[in-house]
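S.K.: here is the input, now give the coordinates:
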Amino acid sequence: MEIDKNIALIGMPGSGKTSLARLLAEELEADFIDLDDYIRTKYNKSSQELFKMSEEYFRALEHEALVEIVNLKPRIIATGGGIVENPNNMKYLSQDRIILFINRPVDEIMKDMDLSRPLFKKDPNRLYKLFERRYPLYKKYSHVEIMNHGSLWEAVKRIMDYLASLD
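M.R.: Okay, here's the model as predicted:
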């Protein structure tokens, strides 16, 4: 299957966006980019260091990075969990692109997640609060919701089935 549009994965931190995007890119023989990795490489700082400056600062860098990468040749993009909180990001991301909401139960994320991530270090329950706030946004901006509650390959198959249905 050949892709002619970027495919962006949105969802909560720890939902599997990066892992699924990497596997999907292999299956589709497409390029892959992780937006958070792109930001870390570009600014030579960890996400934690950038968040220490302020979340607003990180979000501004995130938008700038999105603008830089989104119009490049078709590729699979793993976004950061908070990308949906900026309507400008989503307006830009949704132009002629396929957006997949990767939904993984929060309880499963909590079992696997490194709770030292900047957003959760002070309050591990913040993940539940973020999910409540972001879930309607993920639904609003995505073309389809893909459940990731089994193996990664099961989720990749669901994505591939969805993409095949678009032809």
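
S.K.: return the set of buried residues in the worst-scoring helix or strand of the chain on mean pLDDT.
M.R.: None of the helices or strands of the chain scores lower by mean pLDDT, DSSP states H and E than helix 47-53, at a mean of 82. For helix 47-53, burial by neighbour count (16 or more other C-beta atoms under 10 Å) applies to 47, 50, 51. C-beta coordinates here come from the backbone N, C-alpha and C atoms, glycine included.

S.K.: which strand or helix spans the residue lying closest to residue 112 once chain neighbours are set aside?
M.R.: In space, and not counting its chain neighbours, residue 112 is closest to residue 14: 6.3 Å by C-beta to C-beta, 6 or more residues apart in numbering. Assigned by DSSP states H and E, residue 14 belongs to no helix or strand.

S.K.: now the element after the helix or strand containing residue 134, going C-ward?
M.R.: According to DSSP H and E, residue 134 maps onto helix 126-141. Once the chain leaves helix 126-141, the next helix or strand it forms, by DSSP H and E, is strand 144-147.

S.K.: so residue 142 sits against residue 10, correct?
M.R.: Yes. Using C-beta atoms under 8 Å, residue 142 is in contact with residue 10, at 6.2 Å.

S.K.: great, nothing more from me.
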